[in-house]
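Student: Predicted model and sequence follow; I will ask about them next.
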There are 2 protein chains.
Amino acid sequence: MNKYISILAATVVSTALLASCSQKKTTDPNIGVITEPTSATTNILGHEYPKINPDLSVTHRVSAPEAQSVVLDICDKKYPMTKADDGLWEVTTDPGLVPGFHYYFLVVDGVRISDPNSQLFYGCGLMASGIEIPEVGVDYYLQRDVPRGEVRFQRYWSDLTQSWRTCYVYTPAEYDSKPDKRYPVLYLQHGAGEDETGWSNQGRMDIIMDNLIADKEAVPMIVVMDRGYATLAEPDEAANKGGMFNFTAFDRVMTQEIVPMIDAKYRTIADRDHRAISGLSMGGFQAWNIGLAHKDMFAWVGGFSGSGRPGNPENFPATLNDEMKLLYVSIGTDEPTNMYSGIYEFHKMLEDNGVKHIYYESPGTSHEWLTWRRSLHQFAPMLFK
Amino acid sequence: MNKYISILAATVVSTALLASCSQKKTTDPNIGVITEPTSATTNILGHEYPKINPDLSVTHRVSAPEAQSVVLDICDKKYPMTKADDGLWEVTTDPGLVPGFHYYFLVVDGVRISDPNSQLFYGCGLMASGIEIPEVGVDYYLQRDVPRGEVRFQRYWSDLTQSWRTCYVYTPAEYDSKPDKRYPVLYLQHGAGEDETGWSNQGRMDIIMDNLIADKEAVPMIVVMDRGYATLAEPDEAANKGGMFNFTAFDRVMTQEIVPMIDAKYRTIADRDHRAISGLSMGGFQAWNIGLAHKDMFAWVGGFSGSGRPGNPENFPATLNDEMKLLYVSIGTDEPTNMYSGIYEFHKMLEDNGVKHIYYESPGTSHEWLTWRRSLHQFAPMLFK
C-alpha cells in the first residue's frame, strides 16, 4: 500500500492556499524540547508524576500500599509497575512516545482506573487519564499571545429526544466587539466514546483556531461542538437501529434542532456556503453522512480518521465536484490497519470516481488526537474562502 | 448554641426583598420524588449504577473481579461492598441521604479511586465521583424552559504569575441581543480542593441564575468564576507564605488582573456599586478578605460557609454600614462543629459590633453544595438593587 505522506492535488482549493496548511514549524527551536524530567502539563495542579523524560519516555508513580499489582496501560501497551517499600508503584515507559495527547489507565488488582495524578478527559466511554507529550518546534496548538476567542457552554431543549442537551460553541476573539458582523459556522464532532468536551479539552481547538485566525490563515468563524449521540423520543423504524450510535437520530437532531438553534442564537451567515461539517472517527462518518445528505445545508465536508464508506461508490458521483465547495479526508499513517485501509480505500474510490477532494496522511500518528489536531489545523484554513 | 434557621433582620436590604429569598417550593409536588430505583443523573451516559432508591439510599455496583476488598466512601461514612460470584461488588447506603450533590469515592484494595460509572467533578484535589440526590418539590436548580445564559471558558495571560490562567464567565440570556447594555458583575469563588469549574458543574450556578433572572428575582448580571489559587512569579514577603492557599497572591491577581480583564472584555458597569464578590468555604474567606480590603472596587460581599475571621473585631467596625451595600454570611446547620462555630462566632461578632449583615443557616445541610446552592439562590437576588 502506497501511503500518502503529503497532500494530493486532487482538490478544489488552490495550491497556493495549500502551502499554508503544512505543519508549521516555529522559529523557536526550544519549543517542546525536554531537557530534564518534567511534570506533565496534564497533571493535577501540584502533582509531580507522571514525568516526561528527555527521551520522551514517561515515568509514572502512584501510591497503592495495599495493592497486589498495578499495571500502566498507555499507547496500546501494558507496563507492570514495581512496588517500593514505601508503597509507591513506579514504571517508566518505552522512550519515544508520540507527541500530542494520549489517554491512559492504571489497572489496580484487575480494576482499570484513572490515574488520580491526572486531569481527566471524557474518552473511552469514561473520564480517562490523559497525558500531553510535547512536540518539538511546533506551536500551532500552544497558547500564544494572540487575541483569544471563547468556548461557550450551551444547554438547550431538544424536542426530538425530549431531553436537555449540551453543546460547546467557539466564538472568535472579535465576536463581541463586532456586533453587526455575521460569521460562517463549522460543526465539529467528537469520536465514539468521547463527547462534546473532547475538541476543546483534548483537541485544544480553541487554541488552534485562535492562532490560525490571528495569523490570518483562517477566517474568523464560529465552531459548534455538540454531543454526537441521540435517541429519539418517538423513534421511527430507521432511527431504531443501533442505539447510541444511530446516526439517523443524530442527523435529525443536527439538521432540525442544532443548526436552527445556533442560527437563532448566534450571528451566523445561515446558508450552505457558510456552513461546514466535520469530525473525527465516528464524527467523521457522521459529518460525511449528514453533510452529503443535506447539501442544501452544508457545502464544506470533512472527516478526520472517519469518512464515508467505500462500499457504495454510486453514492459519490463526480457531480459532487460542482455541488460541494470542499471534501476532505485524513488518516494517521500509524492507525490500526482496518482504520487506515478503510479511509485509504474511500479516498481511492473518490479518485476513481473523479471526485475532487483533499486527502491528508498525518505522518507517524495513530488513531489519536495529534492526527486530529493536525487535520483541523489543515482543514480550517481551507474553509469559507 | 442557638442555631438560626431563618434569616436575621440585621440587614441593609428590605424585608420585602427577603421574602423572595426563602427556598422556593414548586407547584409540582412530583418534582424530585423517587418512586422506583433510578439511575443517578450524574452517571456516565448509559451506566445503570449507582441507583437512587425511594428512601434516598443509594445502591452502588462496580465490577472488580480480582479485587480483595472494595469500600464505598460517601457522606463521611465508609460502606464495605460485597462481592457476588460474577465479580460485581454491591452495597446500599443508609437511607435518607441529603439532597443535592455529594462527592464520593471507591476504595479498591486500599486505593481510593473515582467510580468509573460516574461523571467526575474537580473536588477534594482531584477528579472525584459525584452523585446528585433529588430534592422533593424544589426546582430552583433544575433546568426549566426559560431563556438560557452561557458559561464562557476564558484563557488569559497573567503577568503576575507568568502563566496562562482560566476562568468561566456566565453571561445572562439577553447579553448578546442587547449589545448596548452594560451589566453588573458578581465574582464567585470555589472552595479549597475545587477549581473554577465547581460552580457551574457541581453548583449549577447557570441554571440557578437563569431561573432567578427569568423570574425577575435577580437582575441580569455577569458572574465570573476564576481559579482561587495563585503563585506570584516574583513573590514578595507577604505573598511568600502559604503556597497554593496564599490569598495575598490571589488578591493581587483578582484586583490587578482579573477585574481589569473582565472589564475590558465584557460590557460591565465598572464601578464598586456594580461589583460583588462572594464564594464558598475558602472562596468565602477570599471574598471577605479581598472585598473589604478593596472597598473602592466592591460594594457587595458574601461568604457561604466561609467569611472573615472573628478574631479581629476591630477590622469590622460599624462604619461598614455606610460603606457597604451588602454583607452576607451563611452556614449549614449540620456542618462540622469547627466550621459552624467559626461562622457563627463571626456573625455574632458582627452583631456585637453593630455591623448590618444577612446571616443565613441552611437547614439540615453540611459543608456541601446544597448549602452553597441555597446561599447563591438567596444572595444573588439581593445584589445590585
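Tutor: Noted; the coordinates are in hand.

Student: Could you pull up phi and psi at the nearest residue in space to residue A:331 that is not next to it in sequence?
Tutor: Leaving aside its chain neighbours, residue A:331 sits nearest to residue A:343 (4.0 Å; criterion: CB to CB, 6 or more residues apart in numbering or on different chains). (Each C-beta comes from the backbone N, C-alpha and C, glycine too.) The phi/psi pair for residue A:343 (degrees, to the nearest 10) reads phi -70, psi -40.

Student: show me what contacts the residue of the stretch 101-250 of chain A at minimum distance from chain B?
Tutor: Minimum separation of the stretch 101-250 of chain A from chain B (CB to the nearest CB) falls at residue A:110, amounting to 2.8 Å. Neighbouring residues of residue A:110 by CB atoms under 8 Å, 6 or more residues apart in numbering or on different chains: A:69, B:64-67.

Student: Out of those, the closest to residue B:204 would be?
Tutor: Nearest to residue B:204 among these is residue B:64, at 31.4 Å by CB to CB.

Student: Verify the stated contact: the closest one with residue B:89.
Tutor: Yes: between residue B:64 and residue B:89 a contact is recorded at 5.6 Å, counting by CB atoms under 8 Å.

Student: Mutual contacts of those two, please.
Tutor: B:70, B:83.

Student: that older thread, in terms of pLDDT, where does the residue of the stretch 101-250 of chain A closest to chain B sit?
Tutor: Each residue has a pLDDT score; the one for residue A:110 is 87.

Student: so how far is residue B:65 from it?
Tutor: 6 Å (CB to CB, to the nearest Å).

Student: my read is residue A:68 is in a helix, agree?
Tutor: No: looking at residue A:68 with DSSP: H, G, I helix; E, B strand; the rest coil, it is coil, so not inside a helix.

Student: Assign residue A:327 to helix, strand or coil.
Tutor: strand.

Student: And it, how far from residue A:298?
Tutor: Distance from residue A:327 to residue A:298, counting by CB to CB: 11 Å.

Student: Check residue A:224 too.
Tutor: Taking CB to CB, one finds residue A:224 at 12 Å from residue A:298.

Student: the helices in chain A, which residues?
Tutor: Using DSSP state H, the helices of chain A run over residues A:15-19, A:198-201, A:205-214, A:247-253, A:259-265, A:282-293, A:320-323, A:337-353, A:369-379.

Student: I'd like those as CSV, with mean pLDDT and distance to residue B:373 appended.
Tutor: Listed next are the helices of chain A as CSV, based on pLDDT from 0 to 100; distance: least, CB to CB, whole Å:
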stretch, mean pLDDT, distance to residue B:373
helix A:15-19, 34, 51
helix A:198-201, 95, 25
helix A:205-214, 98, 29
helix A:247-253, 91, 30
helix A:259-265, 96, 26
helix A:282-293, 95, 34
helix A:320-323, 97, 51
helix A:337-353, 95, 45
helix A:369-379, 98, 35
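
Student: which one of the ones you listed is the most hemmed in?
Tutor: helix A:369-379 (a mean of 27; mean count of other CB atoms under 10 Å in any protein chain shown).

Student: which other residues reach it?
Tutor: Applying CB under 8 Å, 6+ apart, the external contacts of helix A:369-379 come out as A:7, A:21-24, A:98-102, A:135, A:140-141, A:188, A:199, A:202-205, A:208, A:212, A:278, A:280, A:302, A:304-305, A:328, A:330-332, A:335, A:358, A:360, A:362, A:365.

Student: Buried ones among those residues?
Tutor: If you count burial by 16 or more other CB atoms under 10 Å in any protein chain shown, the buried members of those come out as A:7, A:21, A:98-102, A:135, A:140-141, A:188, A:199, A:202-205, A:208, A:212, A:278, A:280, A:302, A:304-305, A:328, A:330-332, A:335, A:358, A:360, A:362, A:365.

Student: From residue A:37, how far out is the residue of chain A most remote from its centre?
Tutor: What lies farthest from the middle of chain A is residue A:85; by CA atoms, centre = their mean that is 41.8 Å. Plainly put, residue A:85 is 22 Å away from residue A:37 if you go by CB to CB.

Student: One more: residue A:361?
Tutor: Distance from residue A:361 to residue A:37, counting by CB to CB: 33 Å.

Student: Break down the stretch 101-250 of chain A into its strands, ranges please.
Tutor: With strands called from DSSP state E, counting those that start in this stretch, the stretch 101-250 of chain A shows them at A:111-113, A:120-123, A:126-133, A:150-158, A:163-171, A:185-189, A:222-226.

Student: and the fourth one, is it in reach of chain B?
Tutor: Right, the one you point to is strand A:150-158. Yes: judged by CB under 8 Å from any CB of the partner chain, strand A:150-158 comes into contact with chain B at A:150-157.

Student: circling back to that earlier point, and residue A:361 and residue A:37? Which one has more around it.
Tutor: Per other CB atoms under 10 Å in any protein chain shown, whichever of residue A:361 and residue A:37 has more neighbours is residue A:361, with 25 against 16.

Student: Skipping adjacent residues, who's closest to residue A:105 in space?
Tutor: Residue A:105 sits nearest to residue A:73 (CB to CB, 6+ apart), 4.5 Å away.

Student: which residues touch that neighbour?
Tutor: A:79, A:104-107, A:112.

Student: how about a cut-off of 7 Å?
Tutor: A:104-105, A:107 (CB atoms under 7 Å, 6 or more residues apart in numbering or on different chains).

Student: which bits of the stretch 1-150 of chain A sit near chain B?
Tutor: Residues of the stretch 1-150 of chain A lying close to chain B (CB under 7 Å from any CB of the partner chain) are A:44-46, A:64-68, A:108-111, A:113-114, A:116, A:119-120, A:125-127, A:143, A:145, A:148, A:150.

Student: Any quick PyMOL command for the buried ones out of those?
Tutor: To isolate the buried members of the residues of the stretch 1-150 of chain A next to chain B in PyMOL, using 16+ other CB under 10 Å:
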select buried, chain A and resi 44+64+67+108+109+110+111+113+114+116+119+120+125+126+127+143+148+150
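
Student: what about the stretch 151-300 of chain A, any weak spots by pLDDT?
Tutor: A:239-246 (pLDDT under 70).

Student: for chain B, what are the nearby residues on it?
Tutor: Counting by CB under 7 Å from any CB, the stretch 151-300 of chain A sits next to chain B at A:151-157, A:164, A:179, A:229, A:244.

Student: Show me which of those are buried.
Tutor: Among those, those scoring as buried are A:151-156, A:229 (criterion: 16+ other CB under 10 Å).

Student: quick check, nearest of those to residue B:288?
Tutor: Nearest to residue B:288, judged by CB to CB, of those is residue A:153 at 28.9 Å.

Student: I figured residue A:277 hits residue A:289, correct?
Tutor: No: the criterion here is CB atoms under 7 Å, and residue A:277 misses it with residue A:289 at 9.6 Å.

Student: is it possible to export the residues of the stretch 151-300 of chain A next to chain B to JSON lines including distance to residue B:385?
Tutor: Listed next are these as JSON lines, based on distance: CB to CB, whole Å:
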{"residue": "A:151", "distance to residue B:385": "32"}
{"residue": "A:152", "distance to residue B:385": "28"}
{"residue": "A:153", "distance to residue B:385": "28"}
{"residue": "A:154", "distance to residue B:385": "29"}
{"residue": "A:155", "distance to residue B:385": "27"}
{"residue": "A:156", "distance to residue B:385": "30"}
{"residue": "A:157", "distance to residue B:385": "30"}
{"residue": "A:164", "distance to residue B:385": "30"}
{"residue": "A:179", "distance to residue B:385": "28"}
{"residue": "A:229", "distance to residue B:385": "43"}
{"residue": "A:244", "distance to residue B:385": "47"}
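
Student: Most widely separated two among the residues you listed?
Tutor: A:179 and A:244 (39.2 Å).

Student: Contact partners for the nearest residue to residue A:272 once chain neighbours are set aside?
Tutor: Nearest non-adjacent residue to residue A:272, counting by CB to CB, 6+ apart: residue A:299, 4.5 Å away. Contact analysis of residue A:299 by CB under 7 Å, 6+ apart lists A:272-273, A:275, A:324-325.

Student: Since that was my last question, I'll sign off now.
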